[in-house]
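*Asks:* let's see this in three dimensions:
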Amino acid sequence: MGDPSPILPIDYVMPFAERQGSIRSRLVSPRTTILLQGLNRKATYRILDGCVALYQLLADGRKQILDILGPGRLLGAGVTDHFQCGAETLAFTHIEELGTDESGAAIDAHRQLQLLLVRSLSHATLLGRKTAPEKVASALVDLSQQFARRPKGSGRRAVTFTLHLTRADLADWLGLTLETVSRQLNGLKRSRVIDFRTPELITIKDPDRLAAIANGQSIHDNH
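*Replies:* Here you go, the predicted structure:
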(Lines give C-alpha, C1' and ligand atoms only; values in the text may rest on other atoms or scores of the structure.)
Protein backbone atom coordinates (compact mmCIF):
# COMPACT_ATOMS: atom_id res chain seq x y z
CA MET A 1 0.00 0.00 0.00
CA GLY A 2 3.06 2.25 -0.04
CA ASP A 3 4.24 4.60 2.67
CA PRO A 4 1.75 5.08 5.52
CA SER A 5 0.09 8.43 5.97
CA PRO A 6 -1.43 9.93 9.09
CA ILE A 7 -4.97 11.05 9.64
CA LEU A 8 -5.13 14.65 8.52
CA PRO A 9 -7.16 16.81 10.93
CA ILE A 10 -7.13 19.62 8.36
CA ASP A 11 -9.10 20.09 5.20
CA TYR A 12 -7.89 20.84 1.71
CA VAL A 13 -10.06 23.87 2.20
CA MET A 14 -11.57 25.33 5.33
CA PRO A 15 -15.13 25.16 6.71
CA PHE A 16 -17.31 28.01 5.51
CA ALA A 17 -19.84 29.24 8.04
CA GLU A 18 -21.91 31.78 6.16
CA ARG A 19 -24.24 30.85 3.34
CA GLN A 20 -24.78 33.75 0.94
CA GLY A 21 -26.52 31.88 -1.84
CA SER A 22 -25.13 29.95 -4.78
CA ILE A 23 -25.45 30.14 -8.52
CA ARG A 24 -25.91 26.42 -9.17
CA SER A 25 -26.11 23.15 -7.29
CA ARG A 26 -26.45 19.50 -8.20
CA LEU A 27 -26.73 16.01 -6.77
CA VAL A 28 -23.80 13.79 -7.69
CA SER A 29 -23.89 9.99 -7.67
CA PRO A 30 -21.45 7.94 -5.57
CA ARG A 31 -18.02 7.14 -7.05
CA THR A 32 -18.07 10.16 -9.36
CA THR A 33 -14.89 12.14 -9.99
CA ILE A 34 -15.76 15.80 -9.54
CA LEU A 35 -12.25 17.29 -9.60
CA LEU A 36 -9.32 16.00 -11.63
CA GLN A 37 -5.81 16.12 -10.20
CA GLY A 38 -3.82 19.01 -11.70
CA LEU A 39 -6.73 20.46 -13.67
CA ASN A 40 -6.62 24.24 -13.98
CA ARG A 41 -9.98 25.75 -13.01
CA LYS A 42 -11.30 28.59 -10.92
CA ALA A 43 -14.49 27.12 -9.49
CA THR A 44 -15.00 26.61 -5.77
CA TYR A 45 -17.63 24.23 -4.43
CA ARG A 46 -19.41 23.79 -1.12
CA ILE A 47 -20.58 20.35 0.01
CA LEU A 48 -24.18 20.61 1.22
CA ASP A 49 -24.63 16.92 1.99
CA GLY A 50 -22.75 13.70 1.37
CA CYS A 51 -19.09 12.70 1.43
CA VAL A 52 -16.08 13.47 -0.78
CA ALA A 53 -12.62 11.88 -0.78
CA LEU A 54 -9.57 13.90 -1.79
CA TYR A 55 -6.83 11.79 -3.32
CA GLN A 56 -3.56 11.81 -5.18
CA LEU A 57 -2.51 9.23 -7.76
CA LEU A 58 0.98 7.91 -7.10
CA ALA A 59 3.52 7.41 -9.86
CA ASP A 60 2.77 3.69 -10.01
CA GLY A 61 -0.97 4.27 -10.38
CA ARG A 62 -1.97 3.57 -6.80
CA LYS A 63 -4.41 5.91 -5.08
CA GLN A 64 -3.60 7.68 -1.82
CA ILE A 65 -6.66 9.16 -0.12
CA LEU A 66 -5.60 12.39 1.56
CA ASP A 67 -8.70 13.55 3.37
CA ILE A 68 -12.44 13.04 3.75
CA LEU A 69 -14.78 16.02 3.49
CA GLY A 70 -18.32 16.19 4.84
CA PRO A 71 -21.14 18.75 4.77
CA GLY A 72 -20.12 22.39 5.06
CA ARG A 73 -16.66 21.95 3.54
CA LEU A 74 -15.32 23.76 0.50
CA LEU A 75 -13.20 22.28 -2.24
CA GLY A 76 -11.78 23.53 -5.48
CA ALA A 77 -9.62 26.46 -6.45
CA GLY A 78 -6.51 27.00 -4.36
CA VAL A 79 -3.81 29.62 -4.37
CA THR A 80 -2.29 28.27 -7.58
CA ASP A 81 -5.72 27.85 -9.21
CA HIS A 82 -4.75 24.23 -9.78
CA PHE A 83 -6.34 21.30 -8.01
CA GLN A 84 -3.49 19.66 -6.14
CA CYS A 85 -5.51 16.47 -5.80
CA GLY A 86 -8.53 14.75 -7.26
CA ALA A 87 -11.93 14.53 -5.57
CA GLU A 88 -14.39 11.65 -5.72
CA THR A 89 -17.82 11.30 -4.13
CA LEU A 90 -18.25 8.33 -1.79
CA ALA A 91 -22.01 8.76 -1.41
CA PHE A 92 -24.82 10.70 -3.05
CA THR A 93 -23.45 14.20 -2.60
CA HIS A 94 -25.16 17.56 -3.01
CA ILE A 95 -22.70 20.29 -3.99
CA GLU A 96 -23.10 23.92 -4.99
CA GLU A 97 -20.77 26.01 -7.10
CA LEU A 98 -19.94 29.42 -5.69
CA GLY A 99 -19.86 32.40 -8.02
CA THR A 100 -16.64 34.31 -8.57
CA ASP A 101 -18.08 37.40 -6.90
CA GLU A 102 -19.77 35.43 -4.13
CA SER A 103 -17.95 35.21 -0.83
CA GLY A 104 -14.93 36.60 -2.64
CA ALA A 105 -13.52 38.43 0.34
CA ALA A 106 -13.76 35.39 2.58
CA ILE A 107 -12.19 33.09 0.00
CA ASP A 108 -9.38 35.50 -0.85
CA ALA A 109 -8.61 35.97 2.85
CA HIS A 110 -7.88 32.27 3.14
CA ARG A 111 -5.86 31.68 -0.02
CA GLN A 112 -2.54 31.62 1.79
CA LEU A 113 -4.00 29.18 4.29
CA GLN A 114 -5.12 27.01 1.39
CA LEU A 115 -1.58 26.92 0.07
CA LEU A 116 -0.29 25.84 3.46
CA LEU A 117 -2.93 23.14 3.63
CA VAL A 118 -2.04 21.84 0.17
CA ARG A 119 1.61 21.68 1.17
CA SER A 120 0.73 19.95 4.41
CA LEU A 121 -1.30 17.32 2.57
CA SER A 122 1.57 16.48 0.25
CA HIS A 123 4.09 16.41 3.06
CA ALA A 124 1.92 14.36 5.39
CA THR A 125 1.52 11.67 2.74
CA LEU A 126 5.20 10.88 3.25
CA LEU A 127 5.36 11.24 7.01
CA GLY A 128 3.08 8.68 8.64
CA ARG A 129 4.00 7.94 12.22
CA LYS A 130 0.90 6.45 13.83
CA THR A 131 0.50 2.73 14.45
CA ALA A 132 -2.32 0.78 12.81
CA PRO A 133 -4.60 0.89 15.90
CA GLU A 134 -3.98 4.62 16.26
CA LYS A 135 -4.74 5.29 12.59
CA VAL A 136 -8.02 3.37 12.56
CA ALA A 137 -9.13 4.93 15.84
CA SER A 138 -8.21 8.39 14.56
CA ALA A 139 -10.18 7.79 11.39
CA LEU A 140 -13.28 6.77 13.33
CA VAL A 141 -13.01 9.81 15.60
CA ASP A 142 -12.66 12.12 12.59
CA LEU A 143 -15.52 10.55 10.64
CA SER A 144 -17.85 10.48 13.64
CA GLN A 145 -17.35 14.20 14.10
CA GLN A 146 -18.28 14.86 10.47
CA PHE A 147 -21.12 12.39 9.98
CA ALA A 148 -22.56 11.67 13.45
CA ARG A 149 -26.23 11.09 14.03
CA ARG A 150 -27.96 10.24 17.30
CA PRO A 151 -30.92 7.87 16.95
CA LYS A 152 -33.82 8.24 19.36
CA GLY A 153 -33.33 6.24 22.53
CA SER A 154 -29.55 6.11 22.28
CA GLY A 155 -27.41 7.12 25.19
CA ARG A 156 -25.87 10.53 25.14
CA ARG A 157 -22.37 9.10 24.94
CA ALA A 158 -22.94 6.66 22.10
CA VAL A 159 -22.27 8.12 18.67
CA THR A 160 -23.59 6.49 15.49
CA PHE A 161 -22.49 7.55 12.03
CA THR A 162 -22.65 6.39 8.43
CA LEU A 163 -19.31 5.07 7.21
CA HIS A 164 -19.30 6.13 3.57
CA LEU A 165 -15.86 4.61 3.05
CA THR A 166 -15.39 0.96 2.20
CA ARG A 167 -12.71 -1.01 4.04
CA ALA A 168 -10.58 -0.59 0.91
CA ASP A 169 -11.10 3.20 1.04
CA LEU A 170 -9.99 3.20 4.66
CA ALA A 171 -6.89 1.25 3.68
CA ASP A 172 -6.09 3.79 0.94
CA TRP A 173 -6.60 6.63 3.40
CA LEU A 174 -4.56 5.19 6.24
CA GLY A 175 -1.75 3.55 4.30
CA LEU A 176 -2.72 0.10 5.61
CA THR A 177 -3.70 -3.18 4.01
CA LEU A 178 -7.33 -4.18 3.74
CA GLU A 179 -6.70 -7.07 6.12
CA THR A 180 -5.17 -4.77 8.73
CA VAL A 181 -8.11 -2.38 8.59
CA SER A 182 -10.60 -5.22 9.02
CA ARG A 183 -8.57 -6.71 11.87
CA GLN A 184 -8.42 -3.40 13.72
CA LEU A 185 -12.15 -2.74 13.33
CA ASN A 186 -12.99 -6.22 14.57
CA GLY A 187 -10.62 -5.75 17.50
CA LEU A 188 -12.34 -2.51 18.49
CA LYS A 189 -15.67 -4.29 18.25
CA ARG A 190 -14.52 -7.20 20.43
CA SER A 191 -13.24 -4.69 22.98
CA ARG A 192 -16.68 -3.03 22.98
CA VAL A 193 -15.26 0.31 21.94
CA ILE A 194 -17.37 0.29 18.78
CA ASP A 195 -20.19 -1.81 17.38
CA PHE A 196 -21.50 -2.51 13.90
CA ARG A 197 -23.94 -4.98 12.38
CA THR A 198 -23.47 -3.74 8.84
CA PRO A 199 -20.21 -2.37 7.41
CA GLU A 200 -21.63 1.08 6.70
CA LEU A 201 -23.16 1.91 10.10
CA ILE A 202 -20.77 2.34 13.05
CA THR A 203 -21.64 3.07 16.67
CA ILE A 204 -18.92 4.36 18.95
CA LYS A 205 -19.88 2.99 22.36
CA ASP A 206 -16.96 4.49 24.26
CA PRO A 207 -15.81 7.76 22.63
CA ASP A 208 -13.30 8.56 25.38
CA ARG A 209 -11.55 5.22 25.03
CA LEU A 210 -11.51 5.48 21.25
CA ALA A 211 -9.93 8.93 21.51
CA ALA A 212 -7.35 7.54 23.94
CA ILE A 213 -6.46 4.74 21.49
CA ALA A 214 -6.11 7.33 18.73
CA ASN A 215 -3.62 9.13 20.96
CA GLY A 216 -1.50 6.07 21.66
CA GLN A 217 -3.20 4.10 24.43
CA SER A 218 -3.29 0.33 23.95
CA ILE A 219 -6.63 -1.13 22.94
CA HIS A 220 -6.22 -3.59 25.83
CA ASP A 221 -5.68 -0.83 28.39
CA ASN A 222 -8.91 0.04 30.18
CA HIS A 223 -7.41 3.03 31.93
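
*Asks:* run through the strands of this structure in chain order.
*Replies:* With DSSP state E as the criterion, the chain has strands at 24-28, 33-35, 44-49, 52-57, 63-69, 74-76, 86-89, 93-98, 148-149, 159-162, 194-198, 201-204.

*Asks:* what residue ranges in this protein score low on pLDDT?
*Replies:* Residues of the chain meeting the criterion pLDDT under 70: 1-23, 40-42, 77-83, 99-127, 150-156, 221-223.

*Asks:* please parse it into its domains.
*Replies:* Using automatic domain parsing, the domains assigned to the chain come out as 24-126, 132-214.

*Asks:* what are the ranges of the helices in the protein?
*Replies:* 104-109, 111-126, 132-147, 167-174, 178-190, 207-214 (DSSP state H).

*Asks:* elements contacting the fourth one?
*Replies:* Right, helix 167-174. strand 52-57, strand 63-69, helix 132-147, helix 178-190 (3 or more C-beta pairs under 8 Å, 6 or more residues apart in numbering; DSSP states H and E). Backbone N, C-alpha and C define where each C-beta goes, glycine included.

*Asks:* adding distance to A171, write these out as JSON lines.
*Replies:* Listed next are those as JSON lines, based on distance: least, C-beta to C-beta, whole Å:
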{"stretch": "strand 52-57", "distance to A171": "13"}
{"stretch": "strand 63-69", "distance to A171": "9"}
{"stretch": "helix 132-147", "distance to A171": "10"}
{"stretch": "helix 178-190", "distance to A171": "5"}
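
*Asks:* and T89, which of those is closest to it?
*Replies:* Nearest to T89 among these is strand 52-57; the distance by C-beta to C-beta comes to 5.6 Å.

*Asks:* quick one: that closest one to strand 93-98, angle?
*Replies:* Using axes from the mean of the first three to the mean of the last three C-alpha atoms, to 10 degrees, the direction of strand 52-57 lies 80 degrees away from that of strand 93-98.

*Asks:* list the buried ones in strand 52-57?
*Replies:* Judged by neighbour count (16 or more other C-beta atoms under 10 Å), strand 52-57 contains these buried residues: V52, A53, L54, Y55, Q56.
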